[in-house]
Structures are given as structure tokens and as C-alpha cells.
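S.K.: Model the structure of this input:
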Amino acid sequence: MKAPSRPARQNEVRIVGGQWKRSKLPVADAPGLRPTPDRVRETLFNWLGQDLTGWRCLDAFAGSGALGFEAASRGAAEVVLIERERKLAAALNAVKQRLDAVHLRVENADALTWMAHCAPASFELIFIDPPFDAALLEPALGAAARLVVNGGFVYVESGAALDPHAFAPKGLALHRQGRAGAVNFHLLLRADPA
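M.R.: Prediction:
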């Protein structure tokens, strides 16, 4: 006799710091969805500093929302998560409700279209982590360069290390970088020549 099958357990990641430390975030089984690993998020927020009080943050390709919720957990004044897939956006809204994340907003929209309609210099920190095979990185970097304040940061994940010459004309300079498995991660600084 065959044993009854168990329901598939949904994958999850945990918030690594701030007021919601150890809170679980569900990770749906969706094409191209790769939540930022705990170790990478920990490194990123060590680079940025643990306290983001007053910062406005944009998670442009939210997916699991790990980066955006991590920023909100560390005191960001405003966090916008953009997710194109309706089911993923609904899951993000459910987590927002569960955590009572009042400073966080979920937008069910295409990231590039949403960013094109956003006012310049609207964010201190922008997360860019599109699916690696979707050819979205270059246009997303251009949009982010317009939306981040002078002295602000753009965090990028990609399948390969970025060429600094590719983003320098956009007014972005490489601040820090690292690699974890197949993920290359970069922290870029917005610095106007003036």
C-alpha cells in the first residue's frame, strides 16, 4: 500500500535583520524567481548599515519581496515593491498584512513601465534583481539611475559581473561587489559629476 502523499511544502526565506528578524517569507515556485540568499542580504545590509530610518526604497522586480521587506524591517520610511505577476503580488500583499508593514506598498505592474512614470530622484535605495534571462538589466539600470537621489544606491544582482563602463555613463559608480554561487551582486553609488 502506497503511503499518502504530503502536500508540497512551499519554499521560504527568512528576514535576516531588523524588527521582523526571523520572519518567514513564502517563495512561490515561479519561473525566473530566485530569492536573494540570506548570506547575500546580510552582506548587503552590512554595506549599507543596519538602520535605514527615513530611506525611500524601491524593489523593482520584487518576486519574494525579500529585499524590500528587509529594508522595511530596518526602518525604511517608504518601500515600494513592484511585481508584474498577479499571484506573486497577492502573496506580497498577504505578507504585508501579516507583518502590518504600514510603510510598504505593493504595486502589481511592469517594473520598467512603472519606473518610467515615477518622478526623478524619488529613492535613496533601489533594488534591481530581474530574471537573469529576461534582458531587463540594462533598461532597469537606466531607469534606476534617473530615480535614485545623488549619493543614493542601486543594488543589482546578475548572472555575470557587471562591466563598470556600462553604467558609468548613467552616473553610477561601483561601490562594492561580491559573488555567491551563480549570483553576482553589486552596490552602485549615484554620484553626479558636479
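S.K.: In the chain, where is pLDDT below threshold?
M.R.: Flagging of the chain using pLDDT under 70 yields the residue ranges 1-10, 26, 30-35, 193-194.
S.K.: So in it, which strand runs the longest?
M.R.: Secondary structure of the chain per DSSP state E: the longest strand is strand 148-158.
S.K.: Identify, by residue count, the longest helix of this structure.
M.R.: Longest helix in the chain, counting residues (DSSP state H): helix 86-99.
S.K.: How far does that one sit from its chain's centre?
M.R.: Offset of helix 86-99 from its chain centre (Cα atoms, centre = their mean, to the nearest Å): 15 Å.
S.K.: now swap in stretch 152-165 and tell me
M.R.: 13 Å.
S.K.: Tell me the span between the first and last residue of that stretch.
M.R.: In stretch 152-165, first residue to last residue: 19 Å (Cα to Cα, to the nearest Å).
S.K.: Ok, stretch 73-93 next?
M.R.: For stretch 73-93, the end-to-end distance is 15 Å (Cα to Cα).
S.K.: And it, what's buried?
M.R.: Using 16 or more other Cβ atoms under 10 Å as the test for burial, stretch 73-93 gives 73-74, 76, 78-85, 88-89, 91-93. Backbone N, C-alpha and C define where each C-beta goes, glycine included.
S.K.: try stretch 174-188
M.R.: For stretch 174-188, by 16+ other Cβ under 10 Å, it's Leu174, His175, Arg176, Val183, Asn184, Phe185, His186, Leu187, Leu188.
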